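Trainee: Next input, structure requested:
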Amino acid sequence: MTHPIRLLAALLVLVTAPLVPLHAQQAERFELSGSNLELYNLIGTLQVESSTGNTAVAEITRSGKDGAKLTVQNANGRLSVIYPGNQFSYPAMGSNSETGMHVRDDGTFNDFGRNHDGGRKVKITSSGGGLNAWADIRLMLPQGTRIDLNLGVGKVTLANVNGSIEVETASADVSGTGTAGSLSIDTGSGDVTLAGHNGELSVDTGSGDIVLSKIKTGDLSLDTGSGDVRIDGVTADELSVDTGSGDVIVTAAGARDVEIDTGSGDIRLSLTGDINDLSVDTGSGDVEISAPKSLGATVEIETNSGDITTEFPVQVTRKGRDGLVGTIGNGEGRIAIDTASGDVTLKQLP
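Mentor: So this is what the prediction gives:
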C-alpha cells in the first residue's frame, strides 16, 4: 500500500520542479520547398551553411523569456517567423541601440526604414519594454539554391554556400567565407566581410565598412553611404566602388575597368596589370595609384589643392596650376583622377 505522506512528498517535488527556460529549448526543423525560396526573421542570428541534401532545411531556436510567443509560418517556399506586438528588446544589439521598421502580419518586410509597403510599425531596442524574444536560425542550403534572406536586426554568416542568394538586412553585420555563385548583400547599417567568393557579387550598405579578400567575379559593385572599403585581392572585368564618406584601399586588383568615387576619403589602389579605363574621384582626400612598370595610358589629373607626383615617365601635353594631361608608355589605357583637395601620386610596383 502506498504511504499517503510519501505520495504527497512526491507530488510536491513534481509541482515545485523548475521549468525548462525558453532560451534552452531545442531547435525546430523546417523544410523549404520550391524553386525560389524566401526567409524572413525580424530578430536574431542567421547561420547559412552548405548541404549535400536536395532540400533546404532551417533549424529555428526561439529564444528570450518571451520566445514561446513566436510562431513560424512555412508555405509555398516562404518561411517567416511571426512576432506579435510592435515593440521588442534584443540585448545583443548593444547598448542604446534602436531600429524601426514596418512588418506585415505574415512576418514579411522589405522597407528597412525607407519607403514601407504596408504593415505595422515596430521598434527594436537593446533594452527596455516590449517582447523579449528572438529566433536564431541555422539554414542548410543545397548547391544551386535560389533564396532571398531577410533579417531585421542581428547577424548573418555564410559558409561555403553556392547558389543565387540575396541578403537584405536593416541592421546587421554580414560575413562570409568560401562562397560562390551569385551573391547580393544589402544592409541598412552593418559591416560586410567576405573572405573568398567566386561569382557575381554586389554589396550595398547605408552605413558600415566593406572588407573583401580573394574575390573572383565579372562585375563587382560596392556602395556604402558611410564607411571604409578595403579589398585585398580581386579579379574582375569591372570594379566599381562608391562611398559617401570613407577611405578606399584596394590591393592586388586585376581589373580592366575601375571606377572609384568617394565624397571624402583617401584612395589607394594597387593594380596587378594594365587597365582599359580607370576613373578616380574624391571630394577631399589623397589619391595613390600603384601599377606595374609596363603601364600604358593617357593620363588626366586634376587637383585644386594638392601636389602631383609620378614615378612613371609622362609625356606631358598640357600642364597647369590645377593638373596635367599626358601619356604614359603606349597610351593604350585611360586614367582620369580628380580630387578637389588632396595629393595625387602614381607609383611603380617593383
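Trainee: Just the buried residues of stretch 234-253, please?
Mentor: The neighbour-count check on stretch 234-253 (16 or more other Cβ atoms under 10 Å) flags 234-236, 238-251, 253 as buried. All C-beta atoms are positioned from the backbone trio N, CA, C, and that covers glycine.
Trainee: Please disregard the earlier target; I meant stretch 125-133.
Mentor: For stretch 125-133, burial by neighbour count (16+ other Cβ under 10 Å) applies to Thr125, Ser126, Gly130, Leu131, Asn132, Ala133.
Trainee: if we take the residues you listed, which one ends up nearest to Gly283?
Mentor: Ser126 (34.5 Å; Cβ to Cβ).
Trainee: list the contacts for that closest one?
Mentor: Ser89, Tyr90, Pro91, Ala92, Met93, Gly94, Ser95, Asn96, Ser97, Glu98 (Cβ atoms under 8 Å, 6 or more residues apart in numbering).
Trainee: Can you pull up the most central residue in the chain?
Mentor: For the chain, Val192 is the residue whose C-alpha lies nearest the centre (Cα atoms, centre = their mean; 3.6 Å).
Trainee: give me every residue that touches that one.
Mentor: Shown in contact with Val192 (Cβ under 8 Å, 6+ apart): Asp173, Val174, Ser175, Ile185, Val203, Thr205, Gly208, Asp209, Ile210, Val211.
Trainee: What residues are bridge-paired with it?
Mentor: Val174, Ile210 (DSSP bridges).
Trainee: starting at the chain centroid, how far to whatever helix or strand Gly188 lives in?
Mentor: Using DSSP states H and E, the element containing Gly188 is strand 162-189. Here the centre of strand 162-189 is set off from its chain's centre by 5 Å, with Cα atoms, centre = their mean, to the nearest Å.
Trainee: Equivalent analysis for stretch 126-139, please.
Mentor: Between the centre of stretch 126-139 and the centre of its chain there are 21 Å (Cα atoms, centre = their mean).
Trainee: Give me the mean pLDDT for that stretch.
Mentor: Across stretch 126-139, the average pLDDT comes to 93.
Trainee: one step back: return the item of the contacts of Ser126 having minimum pLDDT.
Mentor: Ser95 (78).
Trainee: That one belongs to a strand?
Mentor: No - assessed with DSSP: H, G, I helix; E, B strand; the rest coil, Ser95 is coil; it does not lie in a strand.
Trainee: Using the record's domain definitions, break the chain down for me.
Mentor: For the chain, automatic domain parsing gives the domain ranges 21-159, 191-350.
Trainee: Pairing partners for the host helix or strand of Tyr40, with directions?
Mentor: Assigned by DSSP H and E, Tyr40 belongs to strand 37-51. Here strand 37-51 is paired, per DSSP bridges, with strand 78-82 (parallel), strand 134-142 (parallel), strand 145-159 (parallel).
Trainee: what comes into contact with stretch 242-253?
Mentor: Residues outside stretch 242-253 that contact it (Cβ under 8 Å, 6+ apart): 209, 222-234, 239, 241, 260-272, 285.
Trainee: Among those residues, name the buried ones.
Mentor: With burial judged by 16+ other Cβ under 10 Å, the buried subset of these is 209, 222-234, 239, 241, 260-272, 285.
Trainee: Run through this structure and note the low-pLDDT ranges.
Mentor: For the chain, applying pLDDT under 70 flags the ranges 1-25, 111-117.
Trainee: how about a cut-off of 80?
Mentor: Residues of the chain meeting the criterion pLDDT under 80: 1-25, 95, 111-118, 128.
Trainee: quick one, helices of it?
Mentor: Assigned by DSSP state H, the helices in the chain fall at 4-16.
Trainee: hang on, the earlier thing: most neighbours of all the contacts of Ser126, which one?
Mentor: When neighbours are counted by other Cβ atoms under 10 Å, Tyr90 leads the contacts of Ser126 with 25 neighbours.
Trainee: now the end-to-end length of stretch 77-96.
Mentor: For stretch 77-96, the first and last residues are 36 Å from each other (Cα to Cα, to the nearest Å).
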